[in-house]
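# After the sequence you'll find the predicted model.
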Amino acid sequence: MGVQRIDVSATTTAPAAAVYALLRDGASWPGWSPLGSFELESPGEDGGESVGAVRVFRTGRTTSRERIVELVPDRRLSYVLVSGLAIKDYRADVDLTEGPDGTTIRWRSSFRPKVPGMGGLYRRTLTTFIQRCADGLARATSEAHPRPNAR
């Protein structure tokens, strides 16, 4: 079964540090994403939501468990799916690129479907979901950090 890839982006007026702060804080995700709730199942190597932490997100009847695998302050958060969806080898990289007008959020992920022939359906569904996450993160951080009025 082939690898499926997702690549979405959104832009915010906020600096990368502000975007990264919300991204790192799993408890904030239900406020800006379609996710319903958050729980820290186990802390990471350095405590809290550091590398190795397992975060649990619930939306309706779906519960996903994700492990943080890479953190680059103000630049990247990467995680892998531990359980919860009918996909395998899922990895997401959320990269932040700061420019003069704000920060671009690029959310890329890849996975393989567990069920043959279902990759396209899962990709389309997850693309919509992840775009809503990126857009929500951009909106939440832009509201907290509006762009100064041009003179």
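Happy to help now that I have it.
# Flag the shaky bits of the chain, pLDDT-wise.
In the predicted model of the chain, residues 1, 148-151 satisfy pLDDT under 70.
# Helices of that one, residue ranges please.
16-24, 29-32, 119-144 (DSSP state H).
# which residues touch the residue nearest the centre of the chain?
Centroid check for the chain by C-alpha atoms, centre = their mean gives residue 94 as the closest residue, at 6.0 Å. Contacts for residue 94 (C-beta atoms under 8 Å, 6 or more residues apart in numbering) come out as 23, 76, 77, 78, 105, 106, 107, 108. From N, CA and C alone the C-beta is placed, and that goes for glycine too.
# Next, format those as a markdown table and append distance to residue 144.
Formatted as a markdown table, the contacts of residue 94 follow (distance: C-beta to C-beta, whole Å):
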| residue | distance to residue 144 |
| --- | --- |
| 23 | 13 |
| 76 | 21 |
| 77 | 18 |
| 78 | 24 |
| 105 | 14 |
| 106 | 20 |
| 107 | 19 |
| 108 | 25 |
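# Which member of these is positioned nearest residue 132?
residue 107 (10.4 Å; C-beta to C-beta).
# isn't the closest one right up against residue 127?
No - judged on C-beta atoms under 8 Å, residue 107 makes no contact with residue 127 at a distance of 9.8 Å.
# Tell me which of those two has more neighbours.
The neighbour comparison of residue 107 against residue 127 (other C-beta atoms under 10 Å) goes to residue 107, with 21 against 17.
# Beta-bridge partners for the more buried one, please?
residue 8, residue 94 (DSSP bridges).
# which ones are touching it?
Each residue near residue 107 by C-beta under 8 Å, 6+ apart is listed here: 6, 7, 8, 9, 92, 93, 94, 130, 131, 133, 134.
# Report the buried members of those.
The neighbour-count test (16 or more other C-beta atoms under 10 Å) marks 6, 8, 92, 93, 94, 130, 133, 134 as buried among those.
# Please name the residues that touch the residue nearest to residue 64 when sequence neighbours are not counted.
With sequence-adjacent residues excluded and distances taken as C-beta to C-beta, 6 or more residues apart in numbering, residue 64 is closest to residue 84, at 3.4 Å. The contact partners of residue 84, by C-beta under 8 Å, 6+ apart, come to 62, 63, 64, 65.
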